[in-house]
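*Asks:* A predicted structure for the sequence below; I have some questions about it.
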Amino acid sequence: MLDNSTSRYSTATIALHWLMAVLLAAVYACIELRGLFPKGSDPREAMKALHFMLGLSVLLLVLPRLTYRLSGPKAVIIPEPPAWQQAAARFAHLFLYVLMLIMPILGWLTLSAAGKPIPFFGLDLPALLTQDKNLAELFKGIHQTIGEVGYYVIGLHVLAVLFHHYVQRDNTLSRMLWRAHKPATTG
């Protein structure tokens, strides 16, 4: 399961990566789709509740994801990219891990401070702090701002992978696929 090698990530790491990608897409989709429904309507509230629950699922999975990321060898990119690309990748990955850790906590804090229930697949989780409308607004604003920046960083992450695969023709993408694929070749 934790068979990371220098050429490819482990099955567990790959599974968690793609599960987290799907969860993040769903979290973003739910919060965007809620706008299709009138304020206070049942479908809008359902979208918000699903957004909260999926966000908390991200929080549950980010710790094993970080554990797998930090354990064992890291699959290297061949050929090795320039130093500036490696630095940009480190920054983007750091931001994505902070996003996956901080955003669900900020959401939980927002609901707590607003005095709202914290739904989690049939459970109501405890509030992390007492009701405070000003704090709720502060946490909500921070949550929204980081979420908006997240769109760009996630988009850049995807574009970088495609650039590596189709332009630089290295193994960036194949390291994170279920089966080892050779990078695209010219000709």
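*Replies:* All right, it came through fine. Numbers count the residues shown, from 1 in each chain.
*Asks:* ok, then the element right after whichever helix or strand Leu24 is part of?
*Replies:* Assessed by DSSP states H and E, Leu24 sits inside helix 11-33. Proceeding N to C from helix 11-33, the next assigned helix or strand is helix 42-70, under DSSP H and E.
*Asks:* What mean pLDDT does that next one get?
*Replies:* Helix 42-70 shows a mean pLDDT of 94.
*Asks:* in it, what counts as buried?
*Replies:* 44, 47-59, 62, 65, 68-69 (16 or more other CB atoms under 10 Å). Just so you know, the C-beta spots here come from the backbone N, C-alpha and C atoms, and that holds for glycine as well.
*Asks:* any weak-confidence spans in this protein?
*Replies:* By pLDDT under 70, the weakly predicted segments of the chain are 1-4, 180-187.
*Asks:* and with 90 instead?
*Replies:* Low-confidence segments of the chain (pLDDT under 90): 1-13, 66-75, 178-187.
*Asks:* wait, is Lys74 part of a helix?
*Replies:* No: judged by DSSP: H, G, I helix; E, B strand; the rest coil, Lys74 forms no part of a helix; its state is coil.
*Asks:* From what I see, it and Ser7 are in contact.
*Replies:* No: at 10.7 Å, Lys74 does not count as touching Ser7 under the criterion of CB atoms under 8 Å.
*Asks:* hmm, back to that, elements contacting the helix holding Leu24?
*Replies:* helix 42-70, helix 133-163 (3 or more CB pairs under 8 Å, 6 or more residues apart in numbering; DSSP states H and E).
*Asks:* which helices and strands does the longest one pack with?
*Replies:* If I follow you right, that is helix 133-163. helix 11-33, helix 83-114.
*Asks:* and what of the shortest one?
*Replies:* Counting by 3+ CB pairs under 8 Å, 6+ apart, the packing neighbours recorded for helix 42-70 are helix 11-33, helix 83-114, strand 118-120.
*Asks:* between the ones you listed, which one is nearest to Trp178?
*Replies:* Closest of the helices and strands packed on helix 42-70 to Trp178 is helix 11-33, at 6.3 Å (criterion: CB to CB).
*Asks:* check contacts around Met53.
*Replies:* The contact partners of Met53, by CB atoms under 8 Å, 6 or more residues apart in numbering, come to 119-121.
*Asks:* Could you export stretch 127-143 as PDB, CA atoms only?
*Replies:* What follows is stretch 127-143 as a C-alpha-only set of coordinates in PDB (Å, rounded to 0.1, in the frame of the first residue of the first chain):
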ATOM      1  CA  ALA A 127     -19.500  23.900  17.800                       C
ATOM      2  CA  LEU A 128     -15.900  24.900  18.100                       C
ATOM      3  CA  LEU A 129     -16.700  28.200  19.800                       C
ATOM      4  CA  THR A 130     -19.600  30.100  21.100                       C
ATOM      5  CA  GLN A 131     -21.900  32.200  18.900                       C
ATOM      6  CA  ASP A 132     -20.400  35.500  17.800                       C
ATOM      7  CA  LYS A 133     -21.900  37.200  14.700                       C
ATOM      8  CA  ASN A 134     -18.800  39.300  14.100                       C
ATOM      9  CA  LEU A 135     -16.400  36.300  14.200                       C
ATOM     10  CA  ALA A 136     -18.800  34.400  11.900                       C
ATOM     11  CA  GLU A 137     -18.500  37.200   9.300                       C
ATOM     12  CA  LEU A 138     -14.800  37.400   9.700                       C
ATOM     13  CA  PHE A 139     -14.300  33.600   9.300                       C
ATOM     14  CA  LYS A 140     -16.800  33.600   6.400                       C
ATOM     15  CA  GLY A 141     -14.800  36.300   4.600                       C
ATOM     16  CA  ILE A 142     -11.500  34.600   5.100                       C
ATOM     17  CA  HIS A 143     -13.000  31.300   3.900                       C
END
